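Asker: Dropping a prediction and its sequence here:
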Amino acid sequence: MTKLSVSLPTERLRDDVTARLGERAAEVELLLWDMSGAAPRSEIDLAVPPYMKASAALPQLDGVRTRLVQGQSIGYDDVPAHLPPGHVFANASSVHETATSEMALTLVLASQRRIPEFVRQQDAEAWRPRFSPSLADRRVLVLGFGGVGKAVVSRLEPFEVDIVPVASHAREEAGRQVHGIDELAELLPTADIVILTLPDTAETRHLINDEALSALPDGALVVNVGRGPLIDTDALIDHLQRGRIRAALDVTDPEPLPEGHPLWQAPNTLIVPHVGGAASSMQPRIAQLVATQIVRMLDGEDPINVVFES
């Protein structure tokens, strides 16, 4: 019997996938390959690159025949520039929505309740209570109503907020009225908090520019768990330095944010280093997704989550 060949970047992922395959693991040859060097063979049915290293890893697939390349991230904006011709790429939809939506809510609550300020006071052993804005009773625009956007909305629901989902076009979905992006100019002046969950595309790049930021009311909070280029960084810094708005960012443009960049020292800004999906919930979900793809391939079914063909 010819086995399905699968390359995985870590022993842990190999072991977790094996456990989920059960008896069907006997039909698969699992290869350890982190794509830091040459491929172990010229044909690999399913190749899984290491997490968050597409630009360095994907070029190693040049000259390798694959049936599917399974990424470990939801975003894939860096894939077209680095994936050699002849490959089918699937993203990790279903893997990161939980962790990323948790991060979105964490950033909102931390910013609203002045947690960064109080942590700095703790470091200084200073007891200085302050009144904080609540999350309750705020109007929250969620830009993007895909997997992450829906997960963010579901986690916001218990917090007694007015949730306004915004997507590419107006529709009713999941029991909610979703507004179209063409309504954004009208919606921004009414928002206390804006949460970005969108991918980086030609249509979304610099969606939040100076005009959009100027439309927000004073003190509004902008949270980005999507991609850095959704926001015009220069415009954001200008508004932050003038004390017009606040920001909480899991992603930035540029990224990584270099030492000395003015965004680091911008007032009323909370920055975390693109760790929205980097949580313990990722490991079992990526293992299950890879196992699902393997079983589908063994059964002659099309893979899920295909987003790009090079």
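Answerer: Sure, I can see it.

Asker: immediately after the helix or strand hosting Glu102, which helix or strand?
Answerer: Using DSSP states H and E, Glu102 falls within helix 97-112. Sequence-wise, the next helix or strand downstream of helix 97-112 (DSSP H and E) is helix 115-123.

Asker: packing partners for that following helix?
Answerer: Helix 115-123 is packed against no helix or strand, with contacts defined by 3 or more C-beta pairs under 8 Å, 6 or more residues apart in numbering; DSSP states H and E. Bear in mind the C-beta positions are built from the backbone N, C-alpha and C, glycine included.

Asker: ok, back up a step: now the helix holding Glu102: mean pLDDT?
Answerer: For helix 97-112, the mean pLDDT works out to 98.

Asker: what's the answer for stretch 124-144, then?
Answerer: 97.

Asker: Please measure how far the first residue of that stretch sits from its last one.
Answerer: 39 Å (C-alpha to C-alpha, to the nearest Å).

Asker: Check the burial of Gly300 by counting its neighbours.
Answerer: Neighbour count for Gly300, taken as other C-beta atoms under 10 Å: 6.

Asker: Next, give phi and psi for the nearest residue to Ala170 once chain neighbours are set aside.
Answerer: Among residues not flanking Ala170 along the chain, Gly180 sits closest, at 3.8 Å (C-beta to C-beta, 6 or more residues apart in numbering). Backbone torsions of Gly180, given as degrees, to the nearest 10, read phi -80, psi 150.

Asker: Also Pro59?
Answerer: Residue torsions, per degrees, to the nearest 10, at Pro59 are phi -60, psi -20.

Asker: Name the nearest residue to it, sequence neighbours excluded.
Answerer: His82 (5.7 Å).

Asker: wouldn't that neighbour be in contact with Pro49 here?
Answerer: No. If you go by C-beta atoms under 8 Å, His82 and Pro49 don't touch, sitting 9.7 Å apart.

Asker: need the helices for this structure, in chain order.
Answerer: Here the chain has its helices, by DSSP state H, at 11-21, 54-57, 79-82, 97-112, 115-123, 147-156, 184-187, 210-215, 233-241, 282-298.

Asker: With respect to Ala90, which of the ones you listed lies nearest?
Answerer: helix 282-298 (7.0 Å; C-beta to C-beta).

Asker: got a list of contacts for that closest one?
Answerer: 4, 6, 8, 12-13, 16-17, 19-21, 24, 27-28, 45-46, 48, 51, 67-68, 70, 72, 90, 92, 94-96, 98-99, 302-305 (C-beta atoms under 8 Å, 6 or more residues apart in numbering).

Asker: Just the buried residues from those, in ChimeraX please.
Answerer: Selection command for ChimeraX covering only the buried members of those, criterion 16 or more other C-beta atoms under 10 Å:
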select :4,6,8,13,16,17,20,21,28,45,46,48,51,67,68,70,72,90,92,94,95,96,98,99,303,305
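
Asker: Look up the closest residue to Leu8, ignoring the ones flanking it.
Answerer: Arg14 (4.6 Å).

Asker: how many neighbours does Pro84 have?
Answerer: Counted with other C-beta under 10 Å, Pro84 comes out at 15.
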